[in-house]
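Student: A predicted structure for the sequence below; I have some questions about it.
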Amino acid sequence: MPGGRLTQQERQQIALGLADGLAYAEIARRLDRPTSTITREVMRNGGPTAYRADLAHRATEHRAHRRRQAAPRGPKTPPQAHGRDAEAVREYEEMFTTVLMQSGLPKMMSRVLVCLYTTDAGSLTASELVQHLQVSPASISKAIAFLEGQDLVRRERDERRRERYVVDDDVWYQSMMASARSTTQLVETARQGVGVLGPGTPAAARLENIARFLDFVSESITRAAEQARDVLYTKAETTSGGTAEPGSDR
C-alpha cells in the first residue's frame, strides 16, 4: 500500500470519484489507500459536494509549509498517550472540526469541542486549551461561553481549584433533548398561526402541516434518544485476546 501524502493526480481521481457518486471506500480501493485517508482528505477540503483537487492540493502544501516554518519556533510536540501517531491525531482533529463546522458550529467552538472530545480525561483547563490550540485566552473564553449556552460543555473545579471545562458522556443526549424542546416550540408557534390566519385557509393549512411534521420529528428524536441513551455509557472491555468489545457499566 503506498504511503506518504496524496499526490495531485490522486486528488484528481478523488474528485472524479466524488463526481461519479462513488463511496469513500470505493475511491480508496481504486487508489490503494486506507478509507480513512480519503475521508480525511475530503472532509478537510470542503466535503463531498465542494471538494476540488487543485484547491485541496494547494491547501495541503500551504499547511505543510506553515508547519515547517513554525516548527523551529514552537515547543517540542509532547508524546502522545497510548502510543498514538501525533500526525494522525492532528489530522483527525482537523477532519472532526470540519464536520462540526459543516453542521453549523463556528470554527473556534468546533476546535475547542474536538479538543475536549479527543482528550482521554474529557476535560481541560483554559491554559491547556490555549497551549494545544495556540490561540488567545480570550478566544477560549468566548468559545466556552458559547458551548455552555448550548449545553455542550460544563465547568468544574479540580483538586487544585483550577477551573476545568468538561464534556460528559451524556452531552449528546442532553443536546438532542434540547433540540427536541426547541422543535416543540416551533410546533406550538406554527399551530398558533393556524388560529391567527384562519383554519381552512391555504396559509393555515401550510402551517398545520409544518406543525404535524415537526411534532412527529420531535417525538421521534425524544423516543430515540431515550432508547439509545445507554449507548453513551458503553465502555470498551478488553478480552483475553487483547481485542476490545463493547460493554456497559450501567
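Tutor: Received, thanks. Quick caveat, the model's predicted, so the values are computed rather than measured.

Student: Please enumerate the helices of this protein.
Tutor: Assigned by DSSP state H, the chain shows helices spanning 8-19, 24-31, 35-43, 53-70, 86-102, 107-117, 126-133, 137-149, 171-197, 202-228.

Student: Okay, now the unreliable bits of the chain?
Tutor: The chain contains residues with pLDDT under 70 at 1-4, 63-79, 235-250.

Student: coming back round to it: select, out of the helices of the chain, the one closest to Thr234.
Tutor: Thr234 lies closest, by CB to CB, to one member of the helices of the chain: helix 202-228, at 10.5 Å. Just so you know, the C-beta spots here come from the backbone N, C-alpha and C atoms, and that holds for glycine as well.

Student: That closest one vs helix 171-197, what angle?
Tutor: 160 degrees (axes from the mean of the first three to the mean of the last three CA atoms, to 10 degrees).

Student: oh, and call the first residue 16 from now on, that's how I've got it
Tutor: Renumbered: residue one is now 16, and that last one reads helix 217-243.

Student: Against which helices or strands is helix 217-243 packed?
Tutor: The contact analysis (3 or more CB pairs under 8 Å, 6 or more residues apart in numbering; DSSP states H and E) places helix 217-243 against helix 186-212.

Student: Distance from the chain centre to the helix it packs on, please.
Tutor: Relative to the centre of its chain, helix 186-212 is centred 24 Å away, using CA atoms, centre = their mean, to the nearest Å.

Student: do stretch 24-38 as well
Tutor: Relative to its chain's centre, stretch 24-38 lies at 24 Å (CA atoms, centre = their mean).

Student: returning to what we had before: ok, which of the helices of the chain comes nearest Arg179?
Tutor: Taking these one by one with CB to CB, helix 141-148 is closest: 8.7 Å.

Student: Work out which residue lies at the spatial centre of the chain.
Tutor: The centroid of the chain falls nearest to Leu115 when counting by CA atoms, centre = their mean (3.8 Å).

Student: Could you double-check that that residue sits in contact with Leu128?
Tutor: Yes: in terms of CB atoms under 8 Å, Leu115 counts as a neighbour of Leu128; the distance is 6.4 Å.

Student: Now render the helices of the chain as a markdown table, adding distance to Arg176.
Tutor: Shown next, in a markdown table, are the helices of the chain (distance: least, CB to CB, whole Å):
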| stretch | distance to Arg176 |
| --- | --- |
| helix 23-34 | 50 |
| helix 39-46 | 46 |
| helix 50-58 | 39 |
| helix 68-85 | 34 |
| helix 101-117 | 29 |
| helix 122-132 | 20 |
| helix 141-148 | 13 |
| helix 152-164 | 18 |
| helix 186-212 | 24 |
| helix 217-243 | 35 |
